[in-house]
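A.B. asks: Compute the structure for the input listed below.
(4 chains)
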Number of protein chains: 2
Amino acid sequence: MSNKNQSREKILQAATRLFHLNGYHATGLNQILQESGAPKGSLYYHFPNGKEQLAAEAIQLSGQIIAADIRTRLNAFDDPIEAIQYNIQLIAEQFNQVEKLAELPTVPLGLLAAETALVNENLRQICEETFDMWDNIYIEKLTSSGYSEERARLISITTNALIEGGVTLCLTRKSSEPLLQIQKMIPLLLTK
Amino acid sequence: MSNKNQSREKILQAATRLFHLNGYHATGLNQILQESGAPKGSLYYHFPNGKEQLAAEAIQLSGQIIAADIRTRLNAFDDPIEAIQYNIQLIAEQFNQVEKLAELPTVPLGLLAAETALVNENLRQICEETFDMWDNIYIEKLTSSGYSEERARLISITTNALIEGGVTLCLTRKSSEPLLQIQKMIPLLLTK
DNA sequence: GTCTATAGGCAGATAGAC
DNA sequence: GTCTATCTGCCTATAGAC
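C.D. replies: You can find the predicted model right below:
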């Protein structure tokens, strides 16, 4: 059982990294196995439903890691404006060294979501639940800072869209600039 | 030559639709040919560099179609706030009938950009140029409405990120709601 | 310019020994 | 639980008749 979980975890970690970085369709099971060091037989023992199950668990795993990141960053400042700006700043900094991108699981799931939404209902739902989870973190921070429920919802959706779109722009431009620029607009969005 | 261009155009149109909808890696050449009605020999006659060339031209084609859409929409209102809101509204409405999504090439290129940015330098550059083109349309509208060059740049980047991220959220939620919500924030962003 | 047939490789998935 | 060998099918790309 200890071995079982070790292997499983290694495979899942490699899958999570590769799916987020290269996407669902561009990532092969062989690639995942090679990186994790596990054999193919092992993969189907631990993930009987193959690639789809692997992607489902990968999205959930990184969804929770990112949620934890967002929570600690938002808690770093009382003022929600500073807090959200800090969060975006840290995401942006990942794009300074593109090599290091490979190590970090904190690239949001826009790619996976867009790839699967129209094609795989199961994965689509998991992405939706993940976005819900992230939304709720922002909403809680904002309502506890005195924003109305309705306004908090609006700001949260907008923030998530800004981050997902901003990440796409940073990837495309090979630069952290887009998110650093976007971050400057947060004070305007958080007008009460 | 008339036949040549007809075939070429059909293939390119099918490719454009499928790439934007399903992504680069999930779209097969067979699928493109089947939809276009053209034979495989024809594809490699018209696009000697195969899939990559097809994707490159598809991005450029839809990039220009979308640019034209943005231009006419921004020209529909003098006030840039109303104009940008109108543009987002029209993008959002595409997600009301998911069936009709298939017909419209106006889904921005976030998926293609994120898929290719780290993997194919040629396609990455084309995506970057396309984003530049769209940025410039917003910038021109804003500066001619009295916004400073610097502020116009900032707003344009943010608007593009909002749209790309918003589209991802709409796809994931199978709903036009996210973009309709986001649209409400435009007046705050355009504060002078 | 158009079409067929097919090469050659890699994908995801499975069977069965150990 | 692990590993190898292998199946089937689809992928991109090409060769060559017409």
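
A.B. asks: pull the helix or strand with minimum mean pLDDT from chain A.
C.D. replies: helix A:98-101 (a mean of 68; mean pLDDT, DSSP states H and E).

A.B. asks: Helices of chain A, residue ranges please.
C.D. replies: A:2-22, A:29-36, A:40-46, A:50-75, A:80-93, A:98-101, A:110-116, A:121-143, A:149-173, A:177-183, A:186-189 (DSSP state H).

A.B. asks: Any idea which of the ones you listed gets closest to B:Leu111?
C.D. replies: Checking those against B:Leu111 by CB to CB gives helix A:110-116 as the closest, at 4.1 Å. Every residue, glycine included, has its C-beta placed from N, CA and C.

A.B. asks: one step back: so which of the helices of chain A is the most packed in?
C.D. replies: Comparing the helices of chain A by mean neighbour count (mean count of other CB atoms under 10 Å in any protein chain shown), helix A:110-116 comes out on top with a mean of 29.

A.B. asks: any residue of that one up close to chain B?
C.D. replies: Yes: counting by CB under 8 Å from any CB of the partner chain, chain B has neighbours in helix A:110-116: A:110-111, A:113-115.

A.B. asks: Can I get the residues you listed in a markdown table including pLDDT?
C.D. replies: Shown next, in a markdown table, are the residues of helix A:110-116 next to chain B (pLDDT from 0 to 100):
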| residue | pLDDT |
| --- | --- |
| A:Gly110 | 96 |
| A:Leu111 | 97 |
| A:Ala113 | 98 |
| A:Ala114 | 97 |
| A:Glu115 | 97 |
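
A.B. asks: re the thing from before, if you average pLDDT over each of the helices of chain A, which is lowest?
C.D. replies: Among those, helix A:98-101 carries the lowest mean pLDDT, at a mean of 68.

A.B. asks: How much space separates the residue lying closest to A:Gln183 once chain neighbours are set aside from B:Ile65?
C.D. replies: Spatial nearest neighbour of A:Gln183, excluding adjacent residues (CB to CB, 6 or more residues apart in numbering or on different chains): A:Ile88 at 4.3 Å. Separation of A:Ile88 from B:Ile65 (CB to CB, to the nearest Å): 31 Å.

A.B. asks: circling back: ok, the residue nearest to A:Gln183 touching A:Ile182?
C.D. replies: Yes: counting by CB atoms under 8 Å, A:Ile88 touches A:Ile182, with 6.6 Å between them.

A.B. asks: what is in contact with these two at once?
C.D. replies: A:162, A:166 (CB atoms under 8 Å, 6 or more residues apart in numbering or on different chains).

A.B. asks: circling back: turn the helices of chain A into JSON lines, columns for distance to DNA strand D.
C.D. replies: Shown next, in JSON lines, are the helices of chain A (distance: least, CB to the nearest atom of the strand, whole Å):
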{"stretch": "helix A:2-22", "distance to DNA strand D": "3"}
{"stretch": "helix A:29-36", "distance to DNA strand D": "9"}
{"stretch": "helix A:40-46", "distance to DNA strand D": "2"}
{"stretch": "helix A:50-75", "distance to DNA strand D": "13"}
{"stretch": "helix A:80-93", "distance to DNA strand D": "32"}
{"stretch": "helix A:98-101", "distance to DNA strand D": "25"}
{"stretch": "helix A:110-116", "distance to DNA strand D": "15"}
{"stretch": "helix A:121-143", "distance to DNA strand D": "19"}
{"stretch": "helix A:149-173", "distance to DNA strand D": "22"}
{"stretch": "helix A:177-183", "distance to DNA strand D": "30"}
{"stretch": "helix A:186-189", "distance to DNA strand D": "41"}
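
A.B. asks: can you tell me which of those helices comes nearest to B:Lys40?
C.D. replies: helix A:110-116 (25.5 Å).

A.B. asks: elements contacting the closest one?
C.D. replies: helix A:2-22, helix A:50-75, helix A:121-143, helix A:149-173, helix B:110-116, helix B:149-173 (3 or more CB pairs under 8 Å, 6 or more residues apart in numbering or on different chains; DSSP states H and E).

A.B. asks: could you dump those to TSV with distance to B:Gln60?
C.D. replies: Listed next are those as TSV, based on distance: least, CB to CB, whole Å:
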stretch	distance to B:Gln60
helix A:2-22	24
helix A:50-75	31
helix A:121-143	29
helix A:149-173	15
helix B:110-116	11
helix B:149-173	17
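
A.B. asks: For B:Ala56, which of those helices is the nearest?
C.D. replies: helix B:110-116 (9.9 Å).

A.B. asks: now that closest one, how far from the chain's geometric center?
C.D. replies: Relative to the mean C-alpha coordinate of its chain, helix B:110-116 is positioned 11 Å out (CA atoms, centre = their mean, to the nearest Å).

A.B. asks: Just give the nearest non-adjacent residue to the residue of chain A found nearest DNA strand C, would you?
C.D. replies: Distances between chain A and DNA strand C by CB to the nearest atom of the strand are smallest at A:Gly50, namely 2.5 Å. Nearest non-adjacent residue to A:Gly50, counting by CB to CB, 6+ apart: A:Tyr44, 6.6 Å away.

A.B. asks: State the distance from the one you found to A:Ile11.
C.D. replies: 10 Å.

A.B. asks: Same question for A:Ala152.
C.D. replies: Distance from A:Ala152 to A:Ile11, counting by CB to CB: 38 Å.

A.B. asks: I'd say A:Lys192 and A:Gly146 touch.
C.D. replies: Yes: using CB under 8 Å, A:Lys192 is in contact with A:Gly146, at 7.4 Å.
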